[in-house]
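Novice: One predicted model, sequence on top.
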Protein chains: 2
Amino acid sequence: MNKDSISRAVVKRLPRYHRYLGELMESGVERISSGDLSQRMNVTASQIRQDLNNFGGFGQQGYGYNVEYLYTEIGKILGVDKKHGMIVIGAGNLGQAIANYTNFEKRGFVVKGLFDKNEALFGKKVREIEVLPMTQLKEFIADNNIEIAALTLPKHEAVKVAEEIVGYGIKAIWNFAHTDLQLPKEIVIENVHLSESLMRLSYNLTRNNR
Amino acid sequence: MNKDSISRAVVKRLPRYHRYLGELMESGVERISSGDLSQRMNVTASQIRQDLNNFGGFGQQGYGYNVEYLYTEIGKILGVDKKHGMIVIGAGNLGQAIANYTNFEKRGFVVKGLFDKNEALFGKKVREIEVLPMTQLKEFIADNNIEIAALTLPKHEAVKVAEEIVGYGIKAIWNFAHTDLQLPKEIVIENVHLSESLMRLSYNLTRNNR
DNA sequence: AAAACATTGTTTAATTTTTGACAAATATAT
DNA sequence: ATATATTTGTCAAAAATTAAACAATGTTTT
């Protein structure tokens, strides 16, 4: 009744608070009020205060919030204070982009392996990460404490691979395939459906200008 | 009062309906009821009916919805019945992935140009699309009827480039940079913040299993 | 040290979104 | 041709989300 009472809408906003606080830190800002932050983020101050209060009182009356402290606390809530082992399955451009993106690593998401079924790619390296054959998935996941798998492959393969790796103990799937995965409910699924994003853009483009 | 009365939540769901209807079409299904679709999509039938009715009555009592007709109509609403000229700015892995992804083209989003500031990439081709220098942006946008720009570059560059191309007549920005763009309100902005997506995953991973 | 000011945490109200219910309309079966 | 079953579109109720209001509390100024 505690952890599950946090609404999805709130969780959706947390990373954005984290990002803004990180930027404030970089700019050397030490404290900020909900009112000030609300203006920068283009949301209401009330929403900020209420969102934060789902997790505890991080501020102080008359003062506001300590930027660094709040950043750290939200980081803990989001779980970016811990390291998370990750693999990328599908070593196309998108898979490589993710493996290459060092910013994820800064937040504790460490890409340890990159997999593909295409032999031509085996041995190719992205940063220090070598492309491995799918046959090594099981062993690799077990040996390297992998929690998260990013699936950057065509939808039909994604469905099969997802079921396979769930059997190997994967806990969360970052799904870039254009399909919904049907998996046991204890598996965390986060979808990135780029087509849908582009269609929303298209909708707004179509409606805005006519 | 008509076009703007459609809630954001509804718009967010439309592409998913479109996807499911497309898959039904491929499987040769000709008609479907809201109840049947609701089970497949894991939403309520009521929501489907109400969402669709924002745009008109597409179904028939006692029969349901004609799959192909509904697919087409939602496509029109989303604006995927028309072609949209698009460029990708930032020819890294992510930019190349988008330029490569032929599925977007099927829905009318035609990538006509790929831009980068890195000379080493000039002339490199992704499919038929050549990497061009940023200095040609203005002319290219004007000459090729470009509406949409996907920004796949670091945040500080993204901010600058966004402001620049808005001056060249770009109507919509598909923003992959980890920052919010501050642009005139008539410019459509669709953000794809992968870091935030990954943090939401992390949140659920952290909370679910403890 | 006192007064004035700022700002949170929290309660209450307003708004939005989702769900449930059902009459009206159509399709299918007999 | 009639009766039965299905299913929409829409209205009303319920739930969730967002915004406003404000007392309590700490900060800053004088």
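Specialist: Everything's here; your move.
Novice: can you give me the offset of stretch A:7-24 from its chain's centre?
Specialist: In terms of C-alpha atoms, centre = their mean, to the nearest Å, the centre of stretch A:7-24 is set 12 Å apart from its chain centre.
Novice: and it, is it in reach of DNA strand C?
Specialist: No - for a cut-off given as C-beta under 7 Å from any atom of the strand, stretch A:7-24 has no contacts with DNA strand C; the smallest distance is 9.3 Å. To be clear about C-beta, it is placed using only N, CA and C from the backbone, and glycine gets the same treatment.
Novice: Report the buried residues of that stretch.
Specialist: If you call a residue buried by 16 or more other C-beta atoms under 10 Å in any protein chain shown, then stretch A:7-24 has these buried ones: A:11, A:13-24.
Novice: Quick one: low-confidence residue ranges for chain A.
Specialist: Residue ranges of chain A with pLDDT under 70: A:1-4, A:208-210.
Novice: Walking through it, point out its helices one by one.
Specialist: All helices of chain A, identified by DSSP state H, fall at A:8-26, A:34-41, A:45-53, A:67-78, A:93-100, A:102-106, A:137-143, A:155-167, A:194-208.
Novice: Nearest approach to B:Thr152 belongs to which of those?
Specialist: Proximity to B:Thr152 (C-beta to C-beta) singles out helix A:93-100 among the helices of chain A, at 8.3 Å.
Novice: and chain A, which of its residues are near DNA strand D?
Specialist: Looking at DNA strand D, the residues of chain A close enough under C-beta under 7 Å from any atom of the strand are A:7-10, A:43-44, A:46-47, A:49-50, A:60-63.
Novice: Closest to A:Lys185 out of the buried residues of stretch A:7-24?
Specialist: Closest approach between the buried residues of stretch A:7-24 and A:Lys185, by C-beta to C-beta: A:Val11, at 17.0 Å.
Novice: my guess is that closest one contacts B:Thr206, does it?
Specialist: No - the pair A:Val11 and B:Thr206 does not pass the contact test of C-beta atoms under 8 Å, sitting 11.0 Å apart.
Novice: ok, what's across the strand from the closest residue to A:Lys124 other than its chain neighbours?
Specialist: Closest residue to A:Lys124 apart from its sequence neighbours, by C-beta to C-beta, 6 or more residues apart in numbering or on different chains: A:Val131 at 4.7 Å. With DSSP bridges as the criterion, A:Val131 is bridged to A:Leu114.
Novice: Could you count how many residues lie near A:Val131?
Specialist: 22 (other C-beta atoms under 10 Å in any protein chain shown).
Novice: tell me the contacts of it?
Specialist: Applying C-beta atoms under 8 Å, 6 or more residues apart in numbering or on different chains, we find A:Val131 in contact with A:Ala91, A:Leu114, A:Phe115, A:Asp116, A:Leu121, A:Phe122, A:Gly123, A:Lys124, A:Lys125.
Novice: Over to A:Asp51?
Specialist: Contacts of A:Asp51 by C-beta under 8 Å, 6+ apart are A:Val10, A:Arg13, A:Leu14, A:Tyr17.
Novice: where's the closest residue to the first one other than its chain neighbours relative to A:Ser34, distance?
Specialist: With C-beta to C-beta, 6+ apart as the measure, A:Asp51 is the residue that lies nearest to A:Val10, at 5.1 Å, once sequence neighbours are left out. When C-beta to C-beta, to the nearest Å is the yardstick, A:Asp51 and A:Ser34 sit 10 Å from each other.
Novice: How about A:Glu73?
Specialist: With C-beta to C-beta as the criterion, A:Glu73 and A:Ser34 are 15 Å apart.
Novice: Ok, A:Arg200 next?
Specialist: In terms of C-beta to C-beta, A:Arg200 sits 29 Å off from A:Ser34.
Novice: What of A:Leu205?
Specialist: 34 Å.
Novice: Same question for A:Ser5.
Specialist: Look at A:Ser5 and A:Ser34: by C-beta to C-beta, they are 22 Å apart.
Novice: go on, A:Gln47?
Specialist: For A:Gln47, the distance to A:Ser34 - C-beta to C-beta - is 9 Å.
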